[in-house]
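Participant: structure, please.
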Amino acid sequence: MTASGERISRFEAEIAASLQRIDQLREDYQRDQARAQEQFESYQKAAQARFDLYQQTTQSLVNLAFGLIVSATIAVVVSVIFKS
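Facilitator: Alright, predicted model coming up:
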């Protein structure tokens, strides 16, 4: 084999190795993207659960506050009526 033929063979081998490496990197990237997507979805579900709990707690506190206001108002009105 001639020197140029050897160089061509070496270049072909290097190109084949580079293509294999590119394929491996693409697979790794796709796997990492899928893993990142799963982690994001997990975080999103946890955040949604926390938000739902916060919303329910806030609604309960608002209901409690209105209940206390109504109770206090009734107590004042009843005491005024019975003092008369």
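
Participant: sticking with the residue most central in space within the chain, tell me its helix or strand.
Facilitator: When the chain is reduced to its mean C-alpha position, the closest residue under CA atoms, centre = their mean turns out to be residue 44, at 2.8 Å. With elements taken from DSSP states H and E, the one containing residue 44 is helix 3-83.

Participant: give me the mean pLDDT for that helix.
Facilitator: Rounded to a whole number, the mean pLDDT of helix 3-83 is 95.

Participant: re the thing from before, quick check: the gap between the residue nearest to the centre of the chain and residue 53.
Facilitator: 15 Å (CB to CB, to the nearest Å). Glycine gets a C-beta too; all of them are placed from N, C-alpha and C.

Participant: okay, now residue 65: neighbour count?
Facilitator: Applying the criterion other CB atoms under 10 Å, we find 10 residues in the vicinity of residue 65.

Participant: do you know how far it is from residue 58?
Facilitator: The spacing between residue 65 and residue 58, counted by CB to CB, is 11 Å.

Participant: how about residue 50?
Facilitator: Counting by CB to CB, the gap from residue 50 to residue 58 is 12 Å.

Participant: what do you get for residue 25?
Facilitator: Using CB to CB, we find residue 25 at a distance of 48 Å from residue 58.

Participant: and for residue 66?
Facilitator: 13 Å.

Participant: around residue 63, how many other residues sit close by?
Facilitator: Here the number of neighbours of residue 63 (other CB under 10 Å) works out to 10.

Participant: distance of it relative to residue 70?
Facilitator: Here the criterion is CB to CB. By it, residue 63 lies 11 Å from residue 70.
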